[in-house]
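1. One predicted model, sequence on top.
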Number of protein chains: 4
Amino acid sequence: MNTFGTLFRLTTFGESHGPAMGGIIDGVPAGMEISLHNVQSELDRRRPGNSALTSARQESDIVQFLSGIYQGRTLGTPIGFIIPNNDARSSDYEPMRHIYRPSHADFTYDAKYGLRDWRGGGRASARETACRVVGGAVARQYLCAAGIEVTAFISRIGSASRQSASDPIEPLLAQVEEVRREQDSVGGEVTCTCTGVPAGIGEPVAGKLHAMLAAAMTSIPGVKGVEFGDGFALSSRRGSETVDIYVGSPGGIRTLTNHSGGIQGGISTGMPIDMRIAFKPTPTIARKLMTVDDAGRSVSLESRGRHDPCIAMRAVHVVEAMACMTLLDAILLHRAARW
Amino acid sequence: MNTFGTLFRLTTFGESHGPAMGGIIDGVPAGMEISLHNVQSELDRRRPGNSALTSARQESDIVQFLSGIYQGRTLGTPIGFIIPNNDARSSDYEPMRHIYRPSHADFTYDAKYGLRDWRGGGRASARETACRVVGGAVARQYLCAAGIEVTAFISRIGSASRQSASDPIEPLLAQVEEVRREQDSVGGEVTCTCTGVPAGIGEPVAGKLHAMLAAAMTSIPGVKGVEFGDGFALSSRRGSETVDIYVGSPGGIRTLTNHSGGIQGGISTGMPIDMRIAFKPTPTIARKLMTVDDAGRSVSLESRGRHDPCIAMRAVHVVEAMACMTLLDAILLHRAARW
Amino acid sequence: MNTFGTLFRLTTFGESHGPAMGGIIDGVPAGMEISLHNVQSELDRRRPGNSALTSARQESDIVQFLSGIYQGRTLGTPIGFIIPNNDARSSDYEPMRHIYRPSHADFTYDAKYGLRDWRGGGRASARETACRVVGGAVARQYLCAAGIEVTAFISRIGSASRQSASDPIEPLLAQVEEVRREQDSVGGEVTCTCTGVPAGIGEPVAGKLHAMLAAAMTSIPGVKGVEFGDGFALSSRRGSETVDIYVGSPGGIRTLTNHSGGIQGGISTGMPIDMRIAFKPTPTIARKLMTVDDAGRSVSLESRGRHDPCIAMRAVHVVEAMACMTLLDAILLHRAARW
Amino acid sequence: MNTFGTLFRLTTFGESHGPAMGGIIDGVPAGMEISLHNVQSELDRRRPGNSALTSARQESDIVQFLSGIYQGRTLGTPIGFIIPNNDARSSDYEPMRHIYRPSHADFTYDAKYGLRDWRGGGRASARETACRVVGGAVARQYLCAAGIEVTAFISRIGSASRQSASDPIEPLLAQVEEVRREQDSVGGEVTCTCTGVPAGIGEPVAGKLHAMLAAAMTSIPGVKGVEFGDGFALSSRRGSETVDIYVGSPGGIRTLTNHSGGIQGGISTGMPIDMRIAFKPTPTIARKLMTVDDAGRSVSLESRGRHDPCIAMRAVHVVEAMACMTLLDAILLHRAARW
């Protein structure tokens, strides 16, 4: 239950304040040239502490590859890696050891397992997503060579939004700055687009491409919604306004519009796949909140620990990583589809 | 890729105009009393042709159980079933044999497989969901005995919406009637709530309960979005407004509000799990549309076949079925969680 | 747990005396020409009642295909099928309703599930293997077109053995006739050889080709052992006598000998894959035996029901079917191995 | 394809001469007391270099746990671990870089992947099994607490055999000494017995307990056969001699004999599960052998590298480990079987 994927698979481990996070990437096709430098670069992009607007934890996040690569090429064998944990200040969390932080997973982990590692959120920490960025960076190198590009951008923070990655981001950052001043947090939305995916990818019925993507996106901490193409807006629209008309073109069949977000019947159309992912506000805020402890007693909580006021901001790279891994998995599955 | 679930599994087969649809329900715990009458009743609720507002196809949809049940109890062995296809008028589809209907899966199936059964949409027909209703009806009997209730209602059609199942549905039906008159179709939204789910269900990281539910819901034909709790609205909100405060109560720990929709960190909190699912408008409309044929030539299409103007309406029961199966699967997985 | 395979998958259902057996074959590559006549012929070969030496049950075993095939080609969608049960004489089993037959699964099913369908062995009946023959016959049509041949023959019954399919079978049949006269049963061994499998098939470590085959073979009722190449004899041999020397040849690299049975490190070498499968004697014999009933009381049992004195004889076709399905699955998995 | 198990899962990585081997153990029930000292002890038992009869490589094999355990208890989250590689003398293998060693996987890896890590056997090295010993040692701690004991012993080397772990082992060691003197190697057989497994474990049809065990055992490097109970001997026996008669006993129903090896219909009977596993002779021998290089040219090979003359000897602990993991997986699966 810590494994993503069917043929391209990422299995991860690690608690926030344990010795290391890490994972095993299995099913990478053999003989692929791989740049470990690029993987580290993607991990660096995710790193907190590189902006006034994100968490102050100084994570070095150096990935060490332990197998599966030889002389710059993938061997087809599993790629093991670890990311040592540094700068873990468990003592920050000591006062919250028996406390269930509101809208966090402390209570639900206890309900499930009967115990939990309370230090830094344990396994439920967003730090777990660093391993997904590594997996995504490996998958992306395959996709790039196949002409597939996956890009995400932050498209909403609070009341400020933007339509494309080229729109200015200042109004969104202003929202973050405002909630930080007010010791609050704010939700956000990430938009992700995948271009170059050929028509025919995705399995109908139980392995629909957007179902795989929806599972991947909602597995990211803090996600509360996902939509494809025109998404929820389609529930208010009419068929005559929203059907995507097929036309012939030099490159093959395409559609005039893309209300469907590049997927029909769970299978890619060859048009861009686009989706939006909704993130809740960071549940940890610097105000006093009431909650209960693990004996069910009412307690007052004042958070320390380090946190981002808007988790959506750092999740952009995780969204891309999950999309990359899901697409590669679907592409490998598709290889078995035809006689 | 036609199998849903890990421990409780539904595998289905069937093209719309083949001899039968059917499936195998595997992993049903042994010794459960099962009412086949209730299963048939759930299937009857889904049936088209019982209202002026849904498709005119007179499907009898009688499910025949072939195994796995003995003297009113489940044996623990797989439950095989078939639903014979009747009233299939393939000739309606003959003129569209080489035509890619806009916003349908005709093109993508051809792109994937190199051929397709063009009669009635083949495997991509919404008729496939009848098998899911059977699987869901079996799962529901387990859930009922465990005190878990799953209910869905149509919460939006076009510009008309309602907040709960007790609100009047006339304004929504008026939307359907209007688009039918205008030979058009309309989108819709289904809201689903699951009560009585104990805290602790769902696997963190790769098997999050809402990720399982999101995959299940987006696998339903026509779904373009899913959200949990306050969903997309959370992207505009602040943490101070939306954290769910834990309180002690006679029945255990609960939350004062439920912005999170009953799930934290991928694990159920014990509060109601609620979600909304967005459906696109029926892509088949009774107007002339331009499209291409399978040689890429531009053609004009006038649809015959039978269709519902609003697929969301008939999907209510499918949403419930997918939720029931997903919850049972998660509950069985949870049995392995504790020492 | 009633599903074989990863990409090529057979899921089956059915109790011996229920209305039908059946299954779903998923993952068949699309566009493959398929002869349903050949499938039925393979099923006919398995049928009991066509020889004095096998069970007297007159099973018609007519397979009905319900989906996944259109105009003689596979669609890529799941192939559903049923085999109606006829000539089921449940009354033969009525006296044994509460009795645990020695070396049968009556007791273990009760231990596992708390109840069972006692009629004709229920799900534990060898009749279940009819569905595997159907799945194997579909897989074989793919393999044939790829130049892969799978053949099995009965290589031992009691004290009589033969080295190849061209050796006479009379001494083996004499063994069967002898035990039948003495109201006894006898064990046997099946040898299976797969030629034409290209080098490179099979996954190292957890999906080794012979591990997949071993699981497939030991899943056949009555199997108690499996060996590859020289098998158990290798435990008494020396390396200098048994290493397979590689040599160049016009067709590529091959080995001078094949002590390894065509597999090294879990991956095919391109040499014939050969294995032997050991079957226990039919546990049902026409003599009086002591056993217990489901209350733990000592009882005496005199079997009626119909049975073969040597299950290995009818298992030859099942061995081939399991080998065909396993090879096709491994071949499809291999498609994802290379960049 | 580097993952064993369904609910209790071990995923491994690592090449013989890379920086480290390692793995992720997922699905360990939460709250289990775990002794890391015991895990290391089991790993020490496997270590080569501690006897004149096994390979001279001085592997320290210190396992480092990175997650999933807190204050001596399992958290229910994945347990990541690494075993750093030391004393790897890749230069020993340099002359064999382009050579396909007879009865090794060099050729088949190249055939599959198009490239390979030639140093020390790469991923195909038996060193990979160290990770399985770690996984097995964790599983064993669960089994011990449940009263289940898994023990294996070497039961044959060449022409010398023994019936039980209490028989003297000198004749077997004499065989090893003899082949070592003659610069040869020898095959062997391991016998494994699991006691205390309750009746009812194992899934019928596709997840039979002995099919799971057969797949686990044949995944161990060098294994060429596996049998259960009387195994291959049953193919020469009669039913009247080999049926296992059920009798009542104070502890429940048991059988007078155990020809079936503790499993009927794929489900445990409660009697000891016993199996024998056949290992081929070590393919690396210190004599000159002919073979081909990766261009298909005939070459003569003189092995250096370090090797055991009898791989069966070191495999005893791996057999136990695979049995422990398989049993725990089956036990967790069984939790979902009953209403």
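-> Noted; the coordinates are in hand. Owing to the predicted nature of the structure, the values given are computational and were not obtained by experimental measurement.

2. Next, the contact list for the residue in the stretch 151-300 of chain A that chain C sits nearest to, please.
-> As assessed by Cβ to the nearest Cβ, chain C sits closest to A:Pro204 within the stretch 151-300 of chain A, at 7.3 Å. All C-beta atoms are positioned from the backbone trio N, CA, C, and that covers glycine. By Cβ atoms under 8 Å, 6 or more residues apart in numbering or on different chains, A:Pro204 lies in contact with A:265-267, B:1-2, B:105, B:109, B:112, B:123-124, C:77.

3. Neighbour count added to those, as JSON lines?
-> Formatted as JSON lines, the contacts of A:Pro204 follow (neighbours: other Cβ atoms under 10 Å in any protein chain shown):
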{"residue": "A:Gly265", "neighbour count": "26"}
{"residue": "A:Gly266", "neighbour count": "26"}
{"residue": "A:Ile267", "neighbour count": "29"}
{"residue": "B:Met1", "neighbour count": "22"}
{"residue": "B:Asn2", "neighbour count": "26"}
{"residue": "B:Ala105", "neighbour count": "26"}
{"residue": "B:Tyr109", "neighbour count": "29"}
{"residue": "B:Lys112", "neighbour count": "25"}
{"residue": "B:Arg123", "neighbour count": "28"}
{"residue": "B:Ala124", "neighbour count": "25"}
{"residue": "C:Thr77", "neighbour count": "29"}
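
4. distance of the residue of the stretch 151-300 of chain A closest to chain C from B:Tyr113?
-> 9 Å (Cβ to Cβ, to the nearest Å).

5. now A:His334
-> 10 Å.

6. A:Gly200 now?
-> 8 Å.

7. swap in A:Gly23?
-> 34 Å.

8. Return the member of the contacts of A:Pro204 nearest to C:Ile311.
-> For the contacts of A:Pro204, the minimum distance to C:Ile311 (Cβ to Cβ) is 32.4 Å, reached by B:Asn2.

9. Check whether A:Leu332 sits in a helix, strand or coil.
-> When classified by DSSP: H, G, I helix; E, B strand; the rest coil, A:Leu332 comes out as helix.

10. ok, it touching C:His334?
-> No - using Cβ atoms under 8 Å, A:Leu332 is not in contact with C:His334; the gap is 11.3 Å.

11. any chance you could map the helices in the stretch 51-200 of chain A?
-> With DSSP state H, counting those that start in this stretch as the criterion, the stretch 51-200 of chain A has helices at A:106-113, A:129-145, A:170-181.

12. Now render those helices as CSV, adding distance to D:Glu302.
-> Formatted as CSV, the helices of the stretch 51-200 of chain A follow (distance: least, Cβ to Cβ, whole Å):
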stretch, distance to D:Glu302
helix A:106-113, 56
helix A:129-145, 39
helix A:170-181, 68
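
13. Which strand residues bridge A:Lys288?
-> Following DSSP bridges, A:Lys288 is listed with bridge partners A:Glu302.

14. Contacts only, for it.
-> A:300-302.

15. same question, A:Val247
-> Here A:Val247 is in contact with A:253-256, B:290, B:292, B:298 (Cβ under 8 Å, 6+ apart).

16. Can I get the buried part of those as one PyMOL selection?
-> Provided next is the PyMOL selection string for whichever of the contacts of A:Val247 are buried by 16 or more other Cβ atoms under 10 Å in any protein chain shown:
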select buried, (chain A and resi 253+254+255) or (chain B and resi 292)
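
17. any chance of the contacts of A:Val247 in TSV, plus secondary structure?
-> Formatted as TSV, the contacts of A:Val247 follow (three-state DSSP):
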residue	secondary structure
A:Ile253	strand
A:Arg254	strand
A:Thr255	strand
A:Leu256	coil
B:Met290	strand
B:Val292	strand
B:Ser298	strand
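
18. any idea which of the contacts of A:Val247 is the one closest to C:Arg73?
-> The closest of the contacts of A:Val247, once distances to C:Arg73 are taken by Cβ to Cβ, is A:Ile253, at 22.2 Å.

19. Give me the pLDDT value at the closest one.
-> On the pLDDT scale, A:Ile253 is placed at 95.

20. Okay, and the beta partners of it?
-> A:Gly248.

21. Residue numbers of the stretch 151-300 of chain A in contact with chain C?
-> A:Pro204 (Cβ under 8 Å from any Cβ of the partner chain).

22. Can you list the low-confidence ranges for the stretch 151-300 of chain A?
-> For the stretch 151-300 of chain A, no stretch is flagged by pLDDT under 70.

23. could you pull out the strands for it?
-> A:160-161, A:188-195, A:223-228, A:246-249, A:252-255, A:263-264, A:267-268, A:273-279, A:288-293, A:298-302 (DSSP state E, counting those that start in this stretch).

24. got JSON lines for these, with distance to C:Gly27 too?
-> Listed next are these as JSON lines, based on distance: least, Cβ to Cβ, whole Å:
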{"stretch": "strand A:160-161", "distance to C:Gly27": "43"}
{"stretch": "strand A:188-195", "distance to C:Gly27": "25"}
{"stretch": "strand A:223-228", "distance to C:Gly27": "26"}
{"stretch": "strand A:246-249", "distance to C:Gly27": "29"}
{"stretch": "strand A:252-255", "distance to C:Gly27": "27"}
{"stretch": "strand A:263-264", "distance to C:Gly27": "21"}
{"stretch": "strand A:267-268", "distance to C:Gly27": "16"}
{"stretch": "strand A:273-279", "distance to C:Gly27": "24"}
{"stretch": "strand A:288-293", "distance to C:Gly27": "49"}
{"stretch": "strand A:298-302", "distance to C:Gly27": "51"}
